[in-house]
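In: Pasting the sequence and the predicted coordinates here, then a few questions.
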Amino acid sequence: MRVPPARVCFPAEDRAEILARIDEALTSGQLTLGPIGRELEAAFAKRHSTRHAVAVSSGTSALEIILRALAVDGREVIVPANTFFATAAAAVHAGARVVFVDCDPETMAFDLADVEARLGPDTAAVIAVHIGGLISPALPALAQLCRDRGVHLVEDAAHAHGSALGGQSAGTFGVAGAFSFYPTKVIAGGEGGMIVTDDEAIVEAAHTFRDQGKGSFLANFHTRLGANWRMSEPHAAIVQSQLARLDEFIAARQALAKRYDAAIDDLGLRPLRIPADAHCNYYKYVAFLPPGIDRAALKQTMRERFDVGLSGEVYDTPLHQQPVFEPFADRALPGAEFIGARHICLPLYPSLSESDADYVVESLGTALNEMGQH
Ligand SMILES: Cc1ncc(COP(=O)(O)O)c(C=O)c1O
């Protein structure tokens with residue numbers, strides 16, 4: 001495909017460095033929970049201005065560990081309907097009942113008024129998700145609301161490595177944040193996740209949970225119902241190399257986003273607007289379609305005629321409409337449904353050339369024009 005929707009970025013010198021570090025691990029025999037993982041944790045915590053970081057097997061396990069550490073079992077966890085399956089699934093696996101709330105089409109994140117309306121005596125936690133890497137300007141107000149009500153705020157920062165609002169890093173607005181290193185993410189690890197927190201009790205619980213609930217690495221004495229949620233040393237080596245490039249990756253994504261910004265209004269699309277005090281990593285470049293444009297037909301034309309991939313919405317089917325979450329779906333959520341139906345994501349990754357970004361814009365212009373709306 002001439003312009004795929006996403007592409008990993010591993011320059012040759014990074015690949016050589018990663019292989020050298022994996023060789024170290026193979027030589028030493030420390031293949032999991034070793035020095036590379038610890039170095040990565042320290043570097044990740046420093047980059048996101050938290051006291052601690054705990055490396056785990058995935059973004060999903062990072063969320064579940066945080067929620068288990070917060071003892072949400074038997075209680076309610078508020079989840080925005082516009083997010084990935086894993087946000088809600090982690091809460092269900094941790095024993096909670098999910099309460100879905102609506103989302104704001106201006107930010108794609110939680111609708112603050114709806115969260116407030118759904119908070120109740122059984123609410124243990126609220127999860128905020130930074131869709132596309134944008135931290136909602138309403139997040140500080142949500143954090144205050146959670147503090148006032150004695151409810152934990154957890155951030156699903158799977159999209160938001162390096163993002164900030166008012167100079168404050170993603171993952172630091174609540175009690176803990178969860179990041180993912182899935183291959184499509186701003187930094188890719190193959191698999192992997194990270195918990196960031198200042199809370200010592202969460203760190204202690206996370207160390208235990210990620211290693212089968214064991215009281216210590218070498219003992220077979222289990223104090224919590226954990227699982228194999230460890231990060232292997234080869235994965236840590238990959239993530240470490242990507243983390244060193246994070247600021248460079250974000251700068252490249254921002255430059256391409258600026259290029260799209262300059263053309264997007266003329267295409268008749270409404271981009272997700274990034275507030276002035278938000279530092280967005282542009283995990284996704286999101287644009288809303290004008291009424292009357294059929295998204296599936298547009299994507300098909302872009303793929304078949306122009307060889308441009310527009311897949312990877314965030315997200316197309318909101319969670320309250322997913323069959324598996326039917327027991328938690330108690331009402332329509334029009335904001336999340338609008339977001340799911342009406343946005344597209346333009347290809348965006350550090351190795352996308354300016355000429356290919358311009359080609360995406362031109363192709364979109366032609367396709368939209370032919371669909372009668374331009
Ligand atoms: C918003 C969100 N939450 C959670 C996850 C789960 O992360 P992982 O795939 O690393 O388990 C992802 C990504 O896949 C995600 O996009």
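Out: Great, that's in hand.

In: CA atoms for contacts and neighbours, from now on please.
Out: Fine.

In: residues from the protein in reach of the ligand?
Out: With Cα under 6 Å from any ligand atom as the criterion, the chain meets the ligand at residues 58-60, 83-84, 86-87, 156, 158-159, 180-182, 192-193.

In: In a helix, Gly66, correct?
Out: Just to correct that, residue 66 is Ile rather than Gly. Yes: according to DSSP: H, G, I helix; E, B strand; the rest coil, Ile66 belongs to a helix.

In: which two of the residues of the chain next to the ligand lie the greatest distance from each other?
Out: The largest distance within these, taken as Cα to Cα, falls between Thr83 and Gly192 and amounts to 18.8 Å.

In: Pull out the buried positions in stretch 349-359.
Out: Buried residues in stretch 349-359, counted by 16 or more other Cα atoms under 10 Å: 349-352, 357, 359.

In: let me redo that: stretch 151-168
Out: With burial defined by 16+ other Cα under 10 Å, the residues of stretch 151-168 counted as buried are 151-165, 168.

In: all strands for the stretch 251-374 of the chain, in order.
Out: Ranges of strands in the stretch 251-374 of the chain, per DSSP state E, counting those that start in this stretch, are 270-271, 278-279, 285-288, 343-346.

In: want to throw the ones you listed into JSON lines with mean pLDDT and mean neighbour count?
Out: Below are the strands of the stretch 251-374 of the chain laid out as JSON lines (pLDDT from 0 to 100; neighbours: other Cα atoms under 10 Å):
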{"stretch": "strand 270-271", "mean pLDDT": "96", "mean neighbour count": "18"}
{"stretch": "strand 278-279", "mean pLDDT": "98", "mean neighbour count": "21"}
{"stretch": "strand 285-288", "mean pLDDT": "98", "mean neighbour count": "21"}
{"stretch": "strand 343-346", "mean pLDDT": "98", "mean neighbour count": "24"}
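
In: Including distance to Tyr260, could those strands go into TSV?
Out: Putting these into TSV (distance: least, Cα to Cα, whole Å) gives the following:
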stretch	distance to Tyr260
strand 270-271	9
strand 278-279	17
strand 285-288	8
strand 343-346	9
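
In: With respect to Ile36, which of those lies nearest?
Out: Of those, nearest to Ile36 by Cα to Cα is strand 278-279, at 28.7 Å.

In: So, low pLDDT: which residues of the chain?
Out: 373-374 (pLDDT under 70).

In: list the helices and strands the longest helix seen in it packs on?
Out: Assignment by DSSP state H gives helix 246-264 as the longest helix of the chain. With contacts taken as 3 or more Cα pairs under 8 Å, 6 or more residues apart in numbering; DSSP states H and E, helix 246-264 sits against strand 270-271, helix 354-370.

In: Hey, what's the angle from it to helix 354-370? Just curious.
Out: Interaxial angle of helix 246-264 relative to helix 354-370 (axes from the mean of the first three to the mean of the last three Cα atoms, to 10 degrees): 30 degrees.

In: Please tell me how far helix 246-264 is from the chain's geometric centre.
Out: 18 Å (Cα atoms, centre = their mean, to the nearest Å).
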